[in-house]
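Trainee: Got a sequence here, can you build the structure:
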Amino acid sequence: AASTRGRPPRRRVNRMADSLDVDRARLLGWTLFRAVESGVRALRAGRRQDGELLLEFAGWL
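Mentor: Numbering: from 1, shown residues only. Below is the predicted model of the structure:
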């Protein structure tokens, strides 16, 4: 099951890239960066649940 978790989020990023006419890999990389950066920032601010959810999402990507 762990190997299939990344498929729906990645599929959505791909659809968004196609609709915006931007490079899929670049948008995926940016989304991954933002999820990790936001997750770490949330953890540092004491918002553990938000941080963990964002980092879990990054793992799915």
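Trainee: Quick check: buried residues in the helix ranked longest in the chain?
Mentor: Looking across the chain with DSSP state H, the single longest helix is helix 24-44. For helix 24-44, burial by neighbour count (16 or more other CB atoms under 10 Å) applies to 27-28, 31-32, 35-36, 38-39, 42-43. The C-beta positions use only the backbone N, C-alpha and C, and glycine is treated the same way.
Trainee: Closest to residue 7 out of the residues you listed?
Mentor: Distance to residue 7, by CB to CB, is smallest for residue 28 among these, at 12.7 Å.
Trainee: For the residue in the chain sticking out farthest from the centre, give its distance to residue 29.
Mentor: Largest separation from the mean C-alpha position in the chain: residue 46, at 20.4 Å (CA atoms, centre = their mean). Plainly put, residue 46 is 28 Å away from residue 29 if you go by CB to CB, to the nearest Å.
Trainee: got a pLDDT number for residue 1?
Mentor: Each residue has a pLDDT score; the one for residue 1 is 43.
Trainee: Report the secondary structure state of residue 46.
Mentor: Three-state assignment for residue 46 (DSSP: H, G, I helix; E, B strand; the rest coil): coil.
Trainee: and it, what does it touch?
Mentor: By CB atoms under 8 Å, 6 or more residues apart in numbering, residue 46 lies in contact with nothing.
Trainee: list the contacts for residue 24?
Mentor: 13-14, 17-18.
Trainee: rewinding a little: ok, the buried residues of helix 24-44 vs residue 54, which is closest?
Mentor: residue 39 (3.3 Å).
Trainee: where in the chain is pLDDT low?
Mentor: 1-6 (pLDDT under 70).
Trainee: do that again at 50, thanks
Mentor: 1-2 (pLDDT under 50).
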